[in-house]
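> turn this into a structure:
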Amino acid sequence: MNACSFPSLVAREWRLLLKDPWLLSLVSWVPILLFLLMWAIFYQGTASNLPIGIVDLDKSRISRALVRHYDSTSTLEVVQSYLNVSEGARALRAGKIYGLVAIPRGLEKMVVIGRPPQVSAFVNTQFLLIGKSVNSALLKAQGTFAGQVEVLKNLATGEPVFDMALSTAAPIGSQITPLFNASNNYAQFLVSAMLPAVWQILMVAVTVLSFAAEQRREGVRQWLSENPIRAFFAKLLPLAIIFSFHGFVFLFIMYILLGWPMHGSWALLIVAQLATVCASLAVAPLFFLVTLSGARGLSLAAAYAAPGLAFMGVTFPVTDMTVPAKMWRSLLPVSHYIEIQLAQVNYGAPVEMAISQLQQLGLFCIPLLLAIYKVRSVASVPVEAEVSQ
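Take a look at the predicted model:
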């Protein structure tokens with residue numbers, strides 16, 4: 001077989017990948033370790049027993065019942081009572097509690113005479129998820145307790161039928177039914193987005209490091225001297241196979257092994273992953289080929305791929321992003337992939353709805369053409385003129 005044939009070049013890339021301990025780590029056990037780390041952080045799924053403090057200035061039967069109502073929720077746990085608001089505020093600022101409820105004096109008296117008392121709650125929203133969970137649980141517990149008190153008052157003042165007393169207390173009922181992620185499992189919400197973001201970072205970083213390894217071995221121009229385009233694609237093919245396998249594995253773990261809901265097309269998801277792999281491997285070589293330096297290329301790659309999670313539109317809505325953020329988002333392959341994943345996993349959307357995102361991923365052939373041009377340009381310089389980076 002010709003030493004410069006494409007299969008022989010691909011075989012060479014597999015051998016070099018297996019001999020490089022750093023690259024081998026990044027495509028083998030490091031992705032597994034990152035998944036286990038993320039799963040260890042979020043495996044519980046829902047926030048529970050979040051500590052809150054109470055300042056009960058009334059110390060009445062109704063105020064104690066209200067405190068028990070807070071404590072009975074699965075989200076909250078009353079861990080401490082404070083003598084005054086200042087003492088509780090210090091604990092809140094110190095991070096010992098995530099919320100502080102101040103029950104005013106005269107609570108029971110105002111309830112009896114029919115004047116609505118004001119119960120104040122202070123929530124630490126520095127931690128967005130915790131603050132939202134505490135605030136929601138406080139509102140739900142307090143609303144339920146207030147409704148129960150009003151029903152009892154109505155029963156005691158002339159509404160002998162429970163349904164009539166209930167309708168008087170709450171003439172307009174409300175029911176909020178989540179259509180997706182009904183259990184509010186933030187592991188499904190966050191891990192399913194974080195894995196593709198980390199996946200893209202690994203694809204871009206490993207590609208840059210793979211090109212940088214050629215710089216260390218024999219020099220990039222020596223490597224590209226005989227058939228630059230063939231060597232270029234032989235370099236990318238093993239990486240494409242490995243990262244496509246990674247993508248399938250994390251889909252298998254999330255939606256088969258862990259049993260998270262999956263309502264759409266597996267075939268479409270796999271096609272979208274293959275397109276994302278090709279798009280990422282199209283843009284990644286440019287970071288090295290432009291600089292011809294592993295360190296500078298990796299720095300550019302990190303700056304490009306690291307904000308992926310923030311710009312994907314999962315933790316922050318795309319509609320509220322500024323124009324520069326939307327432009328940066330459009331340059332990230334994973335931001336187009338995640339729309340297909342969410343549409344298929346959550347909504348079971350028809351295939352036609354993914355065409356736009358697949359077309360966006362197809363546009364990454366443009367950086368691939370630029371990379372090919374740069375490969376030819378680098379290979380055209382005599383090997384003797386190469387300057388060690």
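> so residue 105 makes contact with residue 56?
No - under the criterion of Cβ atoms under 8 Å, residue 105 makes no contact with residue 56, lying 9.6 Å away. Placement of C-beta: from N, CA and C, glycine included.
> for these two, indicate the residue with more neighbours.
The residue with more neighbours, out of residue 105 and residue 56 and counting by other Cβ atoms under 10 Å, is residue 56; that gives 19 against 14.
> state the pLDDT value of the more buried one.
The score at residue 56 is 91. That number is its pLDDT.
> and it, what does it touch?
By Cβ atoms under 8 Å, 6 or more residues apart in numbering, residue 56 lies in contact with 63-64, 67, 81, 103.
> cool, and residue 250?
With Cβ under 8 Å, 6+ apart as the criterion, the residues that contact residue 250 are 35, 195-196, 199.
> try 10 Å this time
Remark: with contacts taken as Cβ atoms under 10 Å, 6 or more residues apart in numbering, residue 250 is in contact with 31, 35, 191-192, 195-196, 198-199, 273.
> in stretch 61-80, what's buried?
62-63, 66-67, 69-70, 73, 75-76, 78-79 (16 or more other Cβ atoms under 10 Å).
> still on that earlier bit, among the contacts of residue 56, which one sits closest to residue 241?
When the contacts of residue 56 are compared for distance to residue 241 (Cβ to Cβ), residue 67 comes out closest, at 59.5 Å.
> and the chain, what are its domains?
Following the assignment in automatic domain parsing, the chain carries domains at 6-42+185-385, 50-169.
> ok, residue 338 to residue 46 distance?
Here residue 338 is placed at a distance of 22 Å from residue 46 (Cβ to Cβ, to the nearest Å).
> who's more crowded, these two?
For residue 338 versus residue 46, the count of surrounding residues by other Cβ under 10 Å is larger for residue 338: 25 against 12.
> residue 189: how many residues sit nearby?
By other Cβ under 10 Å, 17 other residues sit near residue 189.
> and if you look at residue 308?
The burial count assigned to residue 308 is 24, neighbours taken as other Cβ under 10 Å.
> wait, what's in contact with it?
Applying Cβ under 10 Å, 6+ apart as the definition, the contact partners of residue 308 turn out to be 193-194, 196-201, 204, 328-329, 332-335, 338.
> swap the cut-off to 7 Å and go again
Taking Cβ atoms under 7 Å, 6 or more residues apart in numbering, we find residue 308 in contact with 197, 200-201, 332, 334.
> inside strands: which ones of those residues?
Within the contacts of residue 308, membership in strands is found for no residue, as judged by DSSP state E.
> in stretch 209-224, what's buried?
By 16+ other Cβ under 10 Å, the buried positions in stretch 209-224 come out as 209-215, 219-221, 223-224.
> among those, which are located in helices?
Using DSSP state H, 209-215, 220-221, 223-224 are the members of the buried residues of stretch 209-224 that sit in helices.
> worst-scoring helix or strand of the chain, pLDDT-wise?
Each helix and strand of the chain was given a mean pLDDT (mean pLDDT, DSSP states H and E); the minimum falls on helix 162-169 at a mean of 44.
> dump the buried residues of stretch 209-224 to CSV, plus distance to residue 343 and pLDDT.
Below are these laid out as CSV (distance: Cβ to Cβ, whole Å; pLDDT from 0 to 100):
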residue, distance to residue 343, pLDDT
209, 33, 94
210, 33, 95
211, 34, 94
212, 37, 93
213, 38, 92
214, 39, 91
215, 41, 88
219, 46, 85
220, 41, 88
221, 45, 86
223, 41, 89
224, 41, 87
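> which stretches of the stretch 101-250 of the chain form helices?
Taking DSSP state H, counting those that start in this stretch to define them, one finds helices in the stretch 101-250 of the chain at 107-113, 128-156, 162-169, 186-217, 220-224, 228-252.
> output these as CSV; include the columns distance to residue 25.
As requested, the helices of the stretch 101-250 of the chain are exported to CSV (distance: least, Cβ to Cβ, whole Å):
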stretch, distance to residue 25
helix 107-113, 61
helix 128-156, 32
helix 162-169, 63
helix 186-217, 10
helix 220-224, 22
helix 228-252, 12
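> residue 98 is nearest to which of those?
That would be helix 128-156 among the helices of the stretch 101-250 of the chain, by Cβ to Cβ, at 5.1 Å.
> state the mean pLDDT of that closest one.
73.
> could I get stretch 55-63 in PDB with only the CA atoms?
As requested, the backbone C-alpha atoms of stretch 55-63 are provided in PDB (Å, rounded to 0.1, in the frame of the first residue of the first chain):
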ATOM      1  CA  VAL A  55     -38.300  35.700  63.300                       C
ATOM      2  CA  ASP A  56     -41.600  35.200  65.100                       C
ATOM      3  CA  LEU A  57     -42.600  38.400  66.900                       C
ATOM      4  CA  ASP A  58     -46.200  37.300  67.500                       C
ATOM      5  CA  LYS A  59     -45.600  33.800  69.100                       C
ATOM      6  CA  SER A  60     -49.200  33.000  68.700                       C
ATOM      7  CA  ARG A  61     -51.100  29.800  67.800                       C
ATOM      8  CA  ILE A  62     -51.500  31.000  64.200                       C
ATOM      9  CA  SER A  63     -47.900  32.100  63.800                       C
END
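> that stretch: how far from the chain's middle?
Mean-position distance between stretch 55-63 and its chain equals 42 Å (Cα atoms, centre = their mean, to the nearest Å).
> residue 85 is nearest to which of the helices of the stretch 101-250 of the chain?
With respect to residue 85, and counting by Cβ to Cβ, the nearest of the helices of the stretch 101-250 of the chain is helix 107-113 at 14.9 Å.
> re the thing from before, make TSV out of the contacts of residue 308 and add distance to residue 121.
Conversion of those to TSV gives the following (distance: Cβ to Cβ, whole Å):
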residue	distance to residue 121
197	34
200	40
201	39
332	39
334	38
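> ok, so of those, who is nearest residue 245?
For those, the closest approach to residue 245 (Cβ to Cβ) belongs to residue 200, at 15.3 Å.
> so the closest one sits against residue 280, correct?
Yes - with contacts counted by Cβ atoms under 7 Å, residue 200 reaches residue 280, the gap being 5.6 Å.
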